[in-house]
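Asks: Sequence plus predicted model, see below.
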Amino acid sequence: MKKLTNFVNASCVSFFARVPHISFFTRALRALIFASKARISTSFATSCLLALFVVTLFTITSCSKKQAQGDLLAHVMAKGELVIATEGTWAPWTYHDENDKLVGFDVEVAEKIAEKLGVRATFVEAEWDGIFAGIDSKRYDIAANGVEITDERSQKYDFSVPYAYIRTAIITRTDRNDILSFEDLRGKTTANSLGSTYAELAESYGAKTTTIDSFDQTLELVLHRRVDATLNAEVSFYDYMSVHPEAPFKVSVLTQDASLVALPLRKGADTAALRDAIDSAIAELASSGELAAISVKYFGSDITEE
């Protein structure tokens with residue numbers, strides 16, 4: 001019996017000595033063992049040891065949970081997945097191919113980033129106006145949807161380094177010649193997704209915006225003269241025209257300066273490590289030429305360089 005007691009005592013001390021940051025428990029155990037040798041009640045000493053063991057496990061578990069909850073990168077690594085919000089209706093950025101598979105420039109870029117992080121990319125399709133709400137509620141870790149960096153968004157969200165550069169086009173029917181500048185939007189009606197950069201830009205020039213869910217739907221409204229114009233990425237329009245070369249649309253106006261496209265995250269210290277890891281992944285994809293190759297695949301040109 002004495003040998004068994006000594007074995008248990010030694011094992012307990014050895015266990016706690018190997019647990020990080022709790023060396024003080026080792027000293028506490030040795031004190032209890034000394035007390036038991038001093039003929040203090042065995043049941044009392046055992047109770048103390050059990051209580052100490054339970055408290056230790058609770059402390060370790062609580063610390064692990066807090067670390068995962070307090071650091072988004074740790075949480076992503078623990079889950080083994082990066083949850084990414086995307087529309088799935090905006091070619092060639094994010095859309096479904098003829099086999100109904102989710103594909104696109106943003107989809108492949110996000111998949112490559114997740115691969116660099118050593119986790120799987122899990123996409124959740126959502127309407128544009130629900131993407132940022134999902135980031136706020138922690139439903140999504142990031143969004144990959146051709147999101148442009150704006151001053152207003154930067155006040156609420158952190159962004160990765162830019163991975164694409166685009167210009168905004170005002171698109172009209174080919175038989176219209178009354179919109180030759182952004183100032184000409186005053187008093188006109190445009191169609192765009194609710195809360196999009198394009199809707200905000202049109203409204204800033206005095207246009208009335210009709211909200212719609214997809215780029216194809218906005219062009220339908222333009223085609224049937226239900227709105228005067230729509231604003232969208234130049235590259236998205238030319239992709240559409242490559243599929244519908246006879247469509248009666250044109251770019252009437254184009255911004256001179258390019259917008260920066262990046263991945264938005266919740267703002268805060270808890271997302272900093274994930275943002276840094278994503279930035280490193282984007283830098284690696286750019287230097288290896290993979291980022292440019294994905295761009296050429298979907299846009300026919302490299303939009304990853306300013």
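Replies: That came in fine, so what should we check first? Because the structure is a prediction, the values reported are computed rather than measured.
Asks: Now do the same for the closest residue to Gly195 other than its chain neighbours: its pLDDT.
Replies: Nearest residue to Gly195, sequence neighbours excluded (Cβ to Cβ, 6 or more residues apart in numbering): Asp129, at 4.9 Å. Glycine gets a C-beta too; all of them are placed from N, C-alpha and C. Listed pLDDT for Asp129 reads 87.
Asks: Just give me the neighbour total for Asp129.
Replies: 14 (other Cβ atoms under 10 Å).
Asks: distance between the ends of stretch 86-103?
Replies: One end of stretch 86-103 to the other measures 11 Å (Cα to Cα, to the nearest Å).
Asks: So what touches that stretch?
Replies: Stretch 86-103 has contacts (Cβ atoms under 8 Å, 6 or more residues apart in numbering) with 104-107, 110, 123-128, 131, 143-146, 213-216, 233, 235-236, 239-240, 298-299.
Asks: now it: mean pLDDT?
Replies: The average of the pLDDT scores along stretch 86-103 is 96.
Asks: quick one: buried residues of it?
Replies: Residues Thr86, Glu87, Gly88, Thr89, Trp90, Ala91, Pro92, Trp93, Thr94, Tyr95, Val103 are the ones in stretch 86-103 that count as buried (16 or more other Cβ atoms under 10 Å).
Asks: try stretch 289-299
Replies: Quick answer for stretch 289-299 (16+ other Cβ under 10 Å): Leu291, Ala292, Ile294, Ser295, Tyr298, Phe299.
Asks: Check whether the last one really touches Tyr240, as I assumed.
Replies: Just to be clear, that refers to Phe299. No: with contacts defined as Cβ atoms under 8 Å, Phe299 does not count as touching Tyr240, sitting 11.9 Å away.
Asks: just to revisit the earlier point, now the buried residues of stretch 289-299 in TSV, with pLDDT?
Replies: Shown next, in TSV, are these (pLDDT from 0 to 100):
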residue	pLDDT
Leu291	98
Ala292	97
Ile294	98
Ser295	96
Tyr298	95
Phe299	93
